[in-house]
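Chemist: curious how this folds, go ahead:
(chains A, B, C and D)
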2 protein chains.
Amino acid sequence: MSNEQPPATMADVARAVGVSTGTVSRALRGLPGVSEAMRRRILRAAEGLDYVVSPGASGLATGRTGSVAVLVPHISRWFHARALAGAHHVLRNAGFEVVLYHVEGIAERREFFETLPVRRRVDGLVIIALSLSEKEIERLGGLGMPVVGASTDLGRHPSVGIDDPAGAAMAVRHLANLGHQRIGMIRATDEEGIHGGVSQRRLDGYLAAMAECGLPVQQDSIVSAPWGIDGGAQAMAQLLSLRTPPTAVFAEADDIAAGALRSLRRAAVDVPGQMSLIGFDDSPIADLLDLTTVAQSVYEQGLIAGRMLVEAVEQGTIAEPGQRLDTRLVLRGTTSAVRRPAL
Amino acid sequence: MSNEQPPATMADVARAVGVSTGTVSRALRGLPGVSEAMRRRILRAAEGLDYVVSPGASGLATGRTGSVAVLVPHISRWFHARALAGAHHVLRNAGFEVVLYHVEGIAERREFFETLPVRRRVDGLVIIALSLSEKEIERLGGLGMPVVGASTDLGRHPSVGIDDPAGAAMAVRHLANLGHQRIGMIRATDEEGIHGGVSQRRLDGYLAAMAECGLPVQQDSIVSAPWGIDGGAQAMAQLLSLRTPPTAVFAEADDIAAGALRSLRRAAVDVPGQMSLIGFDDSPIADLLDLTTVAQSVYEQGLIAGRMLVEAVEQGTIAEPGQRLDTRLVLRGTTSAVRRPAL
DNA sequence: TTGAAAGCGCTAACAA
DNA sequence: TTGTTAGCGCTTTCAA
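Modeler: This next block holds a predicted model:
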């Protein structure tokens, strides 16, 4: 059944129909200048021979690869996977292959930017949620292909994202409106212990909203920990060990908040009775834990980034670069006014 | 700075050094028959020109693409993303590009198997956690390239996985050893409402262990629900509405168990006092929820699948096809003997 | 050790 | 509307 003979070439199809490969090529790609009758015969023959064009050969001739690359860190984090899924969806629908570059850890990342393995392999690049340095952005310039970002700022390259400061401010104002005065923040760092652009912008929003509400910022109520559930737990532990702990905490991501919640549970701190907690992203974990959070449309950011890249590759320009999607407050069970004696 | 001129070709390098492209090709690939001095000059020139070979052209000439495809459903589920990360890691290290085919939903899946878009584009295919029908496995035969599976059974194609029945039996025996007599099971279905092979095998293990322990199986204590947290919640609700609910439940995946836990919490059923619950996979959610579970090495399955594919592509044979990794019981806080009146 | 030349499978410009 | 013919950038005999 399964033919192990080499796959048919365009020449085979041409021979079968009795025409030249030029005509077959035109017919298969739906170009004008082929009679309908001939096109049908060719299509039939191609199908019969189980023929598909060789992307490599086609790419050689046209100068386009038909592939795009997606660069994504930490694919097993919900956020990154969702954005990737969105980008993949539109890219595939636009006829592109999606080549995955997963960089986890600093070594892989450095290698990517040093060797730029996407050169000559793809027609464009989508970068998801990776905070790049000036130098790294610089490197992308020499790529000679369009680059777009999702949930990251790429300097002069177009990108989709949200208004992070606004989202963070929304969270803080919600807590302030509930009467909280001492509002802390938990920030996350990457494996190198540094804060990405998103973390920076959410801090900015936090600070702006605190000022706007006339609330004092206690420096020791802003704590950082490695990204993840354990990091969040550790950060909350730190807050709980302060002389005067905050009565409400804004965690820069739901996963961080999940860890914070674990520490609160272990310490038997009543949530939200004694401590309010709000996250960011509205990931499934927020729903599971009944966590109040700031929602953003992650899949859609992937979609838009993919769409922008397709535009850039096919038309050379992007109608709307720099889109910012809105954020929404999702009220759940972890925020309220203080109802029991504060810590 | 960023040269917008077309990238250098091998001919450019050859010209710069004053040799033929044949020599450049040999030098760059480390083939014998090039003097060390010449090789160094060529390497230097290539670097100076910022040259990289065109994979398309190279592929045309050699008949190999240098890429492999990974087919994966539901990339935003932790399990799938982890396995993908493992496969990606070894494949990239072996010098392959990883082309991603994400199939979510039945339409995308059918399209994949009808058009087989990987034909002529890649040298091999890794399939992650997708239960294939006989027909679909059949289709893979005509691909003319090696195919390996991770966490799925691919018939005559090699694959890595765990011993699912053994893992499930381990869970059930644990519950039985705690004195539970009425042990239920929650199974998950895909979007079409059908059970995949993994679900089937875990049911087999459950049934076998129940028999082994001399426990009666109540048919209405085996419930199915759509995959996910909500499905798990719904399934547990169903169990809680039985005439005589089980005192312990085995959920075929942690995500299902998470939902089940939510229903138990809402119904104020004491866990594990009145009801024990055990999951499967040992995903981060299990740790977060302090869920007893059966652990498997997901990333490693991806690694092994990738490694097998590399072997198959490069050597044509696989030393150890059909590897089965072991599973481990991870004791946490959701299982115990019944300590309060059963429901 | 190196060069010359054919060819991988396709596209595109030009002719017919 | 269709055919012819150069390439696209590389690899790989075969000669030198």
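Chemist: after the longest helix seen in chain A, next one along is what?
Modeler: In chain A, with assignment by DSSP state H, the single longest helix is helix A:298-315. Moving toward the C-terminus from helix A:298-315, the next helix or strand (DSSP states H and E) is strand A:323-325.
Chemist: now do the buried residues in that following strand.
Modeler: A:Gln323 (16 or more other Cβ atoms under 10 Å in any protein chain shown). The way it works is simple: take the backbone N, C-alpha and C, and place the C-beta from them, glycine included.
Chemist: could you say what helices and strands that strand packs with?
Modeler: In terms of contacts (3 or more Cβ pairs under 8 Å, 6 or more residues apart in numbering or on different chains; DSSP states H and E), strand A:323-325 is packed against strand A:159-162, helix A:298-315.
Chemist: dump the ones you listed into JSON lines; add mean neighbour count and distance to B:Ser151 as well.
Modeler: Below are the helices and strands packed on strand A:323-325 laid out as JSON lines (neighbours: other Cβ atoms under 10 Å in any protein chain shown; distance: least, Cβ to Cβ, whole Å):
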{"stretch": "strand A:159-162", "mean neighbour count": "24", "distance to B:Ser151": "33"}
{"stretch": "helix A:298-315", "mean neighbour count": "23", "distance to B:Ser151": "24"}
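Chemist: and DNA strand D, which of those is closest to it?
Modeler: When the helices and strands packed on strand A:323-325 are compared by Cβ to the nearest atom of the strand, helix A:298-315 sits nearest DNA strand D, at 18.0 Å.
Chemist: ok, back up a step: would CSV of the helices and strands packed on strand A:323-325 with distance to DNA strand D be doable?
Modeler: Output for those, formatted as CSV (distance: least, Cβ to the nearest atom of the strand, whole Å):
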stretch, distance to DNA strand D
strand A:159-162, 30
helix A:298-315, 18
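Chemist: using a markdown table, lay out these together with distance to A:Val90 and mean pLDDT.
Modeler: Compiled in a markdown table, these are given as follows (distance: least, Cβ to Cβ, whole Å; pLDDT from 0 to 100):
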| stretch | distance to A:Val90 | mean pLDDT |
| --- | --- | --- |
| strand A:159-162 | 12 | 98 |
| helix A:298-315 | 4 | 97 |
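Chemist: of all the ones you listed, which one comes closest to A:Thr327?
Modeler: Nearest to A:Thr327, of all these, is strand A:159-162, at 5.4 Å by Cβ to Cβ.
Chemist: show the average pLDDT along the next helix or strand after the closest one.
Modeler: For strand A:159-162, the following helix or strand on the C-terminal side (DSSP H and E) is helix A:164-177. Helix A:164-177 shows a mean pLDDT of 98 in the predicted model.
Chemist: and for stretch A:114-127?
Modeler: For stretch A:114-127, the mean pLDDT works out to 96.
Chemist: same thing with stretch A:33-48?
Modeler: Computed over stretch A:33-48, the average pLDDT equals 93.
Chemist: is that stretch anywhere near DNA strand D?
Modeler: Yes. Applying Cβ under 7 Å from any atom of the strand, one finds stretch A:33-48 touching DNA strand D at A:Gly33, A:Val34, A:Ser35, A:Ala37, A:Met38.
Chemist: got a list of contacts for the longest helix of chain A?
Modeler: When contacts are defined by Cβ atoms under 8 Å, 6 or more residues apart in numbering or on different chains, helix A:298-315 is touched by residues A:64, A:68, A:79, A:82-91, A:94, A:96, A:123-126, A:128, A:145-146, A:148-151, A:158-162, A:281, A:317-321, A:323, A:325.
Chemist: would you write a PyMOL line that selects the buried entries of the residues of stretch A:33-48 next to DNA strand D?
Modeler: For the buried members of the residues of stretch A:33-48 next to DNA strand D, the matching PyMOL selection, counting by 16+ other Cβ under 10 Å, is:
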select buried, chain A and resi 34
